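Chemist: Dropping a prediction and its sequence here:
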Amino acid sequence: MKNKKDFFDLTTTKAPFIENAQKEGLIFIHQPYELYSENNQKAWKKLYALLYPKWERFANAKFIEGIRSLCLKPDRIPTLEEVNVFLEPLTGFKAKAVSGYVPTFLFFDSLKKREFPTTITIRDNRTLHYLPEPDIFHDIAGHVPMHTDKSFAEVLVKFGSLAEIAAKRHIHVTNEKEKIAKIRSNIQALARFFWFTVEFGLMHEEGDLSVYGSGLLSSADEIEHAITAPEVQRHHFQLEWAINQSFKYDHFQPLLFIVESFQHLYEEVQRLEEWLLSGRLDNVSPGEPHINENDLQIFLQEGNRRSCTP
């Protein structure tokens, strides 16, 4: 039998508050700060202590600036309101609490609106070094510091706008099977680009490699592995490779791409848009990530809805 205290907890995959929100079909929620347990707060404190020395050694300079700009506390989980007080005046972005998985279209469209869907649960103390799914440490301490930089923020906004383009451009395809295949391919291409840049990207910085990808920045083990492990393949970013390269969530990444600057990254997003409009993303190689039927249906529905909007 569960102790009553168990219900006052926001541990990833074990939070009744989140389970109830998901049952009710709620995606955007509030952050019930009073539900964070002592163990939740300890997890944040331990993670921050583990990662800070690695950030100083391996993280991109803009990320370090972002950590300082947000005034994150090393000993407690922040409220999203506290984060947004510092974040929004810098780039217009704000963190917005969600109950878990956000459909791909809605996630990318949120970026276009300068809203970052933010997980509010935190990993268990036993999985501090690596967690294959997002938590508040990954989102707030991994992603959001980069959102304080204007150049990187514009990359996210530009990238987010591509979801609507992908949804609308196939509206006149009459063959339903062909339309679904093209949209599936477009979603895969966008997801892979995001994975190999925003989540797991490396950058040349003053002659060395630095980390700007949030999946690396929020993993105490993988951030160092990404830079120093001899078995990791590190290549100059090539759009052709990135959009046709499968990936898996549940292990350290064997292949990483390097950009030269955030201007370079923005230019690659522009190229991605050109390729989307020209049809070059309509038949990328199959494989991961798997695109579920719900994501496909949302793209179809949004394409219909937005094409009819004056």
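Modeler: Perfect, I can see it now.

Chemist: show me what contacts residue 26?
Modeler: Going by Cβ atoms under 8 Å, 6 or more residues apart in numbering, residue 26 touches residue 99. C-beta coordinates here come from the backbone N, C-alpha and C atoms, glycine included.

Chemist: how about a cut-off of 10 Å?
Modeler: The contact partners of residue 26, by Cβ atoms under 10 Å, 6 or more residues apart in numbering, come to 18, 20, 98-100.

Chemist: what's the farthest-apart pair in the residues you listed?
Modeler: 20 and 98 (14.2 Å; Cβ to Cβ).

Chemist: Between those two, tell me which one has more neighbours.
Modeler: residue 98 (23 against 12; other Cβ atoms under 10 Å).

Chemist: thinking again about what came up before, closest to residue 269 out of the contacts of residue 26?
Modeler: Proximity of the contacts of residue 26 to residue 269 was ranked by Cβ to Cβ; the top entry is residue 98 with 23.5 Å.

Chemist: do you know how far that closest one is from residue 10?
Modeler: 13 Å (Cβ to Cβ, to the nearest Å).

Chemist: any common contacting residues for the two?
Modeler: With Cβ under 10 Å, 6+ apart as the test, residue 98 and residue 10 both reach 18, 119-120.

Chemist: Of the residues you listed, which is the nearest to residue 84?
Modeler: Of all the shared contacts of residue 98 and residue 10, residue 120 has the smallest distance to residue 84: 13.7 Å, by Cβ to Cβ.

Chemist: Before we move on, what's the pLDDT of the closest one?
Modeler: For residue 120, the pLDDT comes out at 98.

Chemist: what's the neighbour count on it?
Modeler: Neighbour tally, residue 120, other Cβ under 10 Å: 29.

Chemist: so where's the stretch 201-310 of the chain uncertain?
Modeler: 306-310 (pLDDT under 70).

Chemist: Tell me where it has strands.
Modeler: With strands called from DSSP state E, counting those that start in this stretch, the stretch 201-310 of the chain shows them at 202-205, 208-211, 233-236, 255-259.

Chemist: out of those, which comes closest to residue 82?
Modeler: Of the strands of the stretch 201-310 of the chain, nearest to residue 82 by Cβ to Cβ is strand 208-211, at 25.0 Å.

Chemist: Nearest residue to the middle of this protein?
Modeler: residue 199 (5.8 Å; Cα atoms, centre = their mean).

Chemist: Quick check: the gap between the residue nearest to that residue when sequence neighbours are not counted and residue 221.
Modeler: With sequence-adjacent residues excluded and distances taken as Cβ to Cβ, 6 or more residues apart in numbering, residue 199 is closest to residue 215, at 4.1 Å. Separation of residue 215 from residue 221 (Cβ to Cβ): 12 Å.

Chemist: before we move on, back to that, nearest to residue 163, of the contacts of residue 26?
Modeler: Taking the contacts of residue 26 together and measuring to residue 163 by Cβ to Cβ, the closest member is residue 98, at 16.3 Å.

Chemist: how much space between the spatially closest residue to the closest one that is not a sequence neighbour and residue 197?
Modeler: The shortest distance from residue 98 to any non-neighbouring residue, by Cβ to Cβ, 6+ apart, is to residue 117 (4.4 Å). The spacing between residue 117 and residue 197, counted by Cβ to Cβ, is 18 Å.

Chemist: repeat for residue 169
Modeler: From residue 169 over to residue 197 (counting by Cβ to Cβ), the distance is 22 Å.

Chemist: Looking at those two now, which is surrounded by more residues?
Modeler: When residue 169 and residue 197 are compared for neighbours, residue 197 comes out ahead with 23 against 19, by other Cβ under 10 Å.

Chemist: hang on, the more buried one packs against residue 245?
Modeler: No. With contact defined as Cβ atoms under 10 Å, residue 197 does not count as touching residue 245 (12.0 Å).
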